[in-house]
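> everything below, folded, please.
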Amino acid sequence: MKRICLLLLILCITACSPGLKSNPVHSFGETHKEFAKRLVWKDYGSAASFMGKEYRQDFLDKFQERGDIRVLEIRPEGVEFEDPDQNRALAWSRIEYYRLPSNTLKDLKLRLEWENRDNGWKIVSPFPDLP
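The predicted structure is shown next:
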């Protein structure tokens, strides 16, 4: 009887295992929120870690070296997953910021391309210049 119960348990676990596979879509929202939080907190070094290697230095040049940009908020507006495996995404966000010494609030729509690389989402498009 114990063997039958054990066999049934193993069969149930095996049958459920495809559902246990992690889906990259689930982690995208949290990654996007964390990236936005880093920009608002002026933690540009950590925010740059979300950029693909080919765009990281350009991102740092736009934020860290200038130091005159203050991001107040980044609001996600939409995301579209491109491939069947859902490892690429186009994300639209609204960014509110100002440039010192001005206190005029600016609003810009961002379009960033993301890719799930090395078990983590990375931005694989250049971060736009903030006018």
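
> could you use CA atoms for every contact and neighbour count after this?
Noted.

> which residues touch the closest residue to E54 other than its chain neighbours?
Excluding its sequence neighbours, the residue lying closest to E54 (CA to CA, 6 or more residues apart in numbering) is V124, at 7.9 Å. Contact analysis of V124 by CA atoms under 8 Å, 6 or more residues apart in numbering lists 51-52, 54-55, 112-115.

> mind redoing it with 6 Å?
For V124, the contact set (CA atoms under 6 Å, 6 or more residues apart in numbering) comprises 52, 113-114.

> okay but P76 is in contact with I95, surely?
No - judged on CA atoms under 6 Å, P76 makes no contact with I95 at a distance of 8.8 Å.

> circling back to that earlier point, tell me which of the contacts of V124 fall in strands.
113-114 (DSSP state E).

> how far away is N87 from F28?
Using CA to CA, to the nearest Å, N87 is found at 10 Å from F28.

> what about the most centrally placed residue in the chain, helix or strand, and which?
Nearest to the mean C-alpha position of the chain, by CA atoms, centre = their mean, lies H32 at 3.2 Å. Assigned by DSSP states H and E, H32 falls within helix 24-40.
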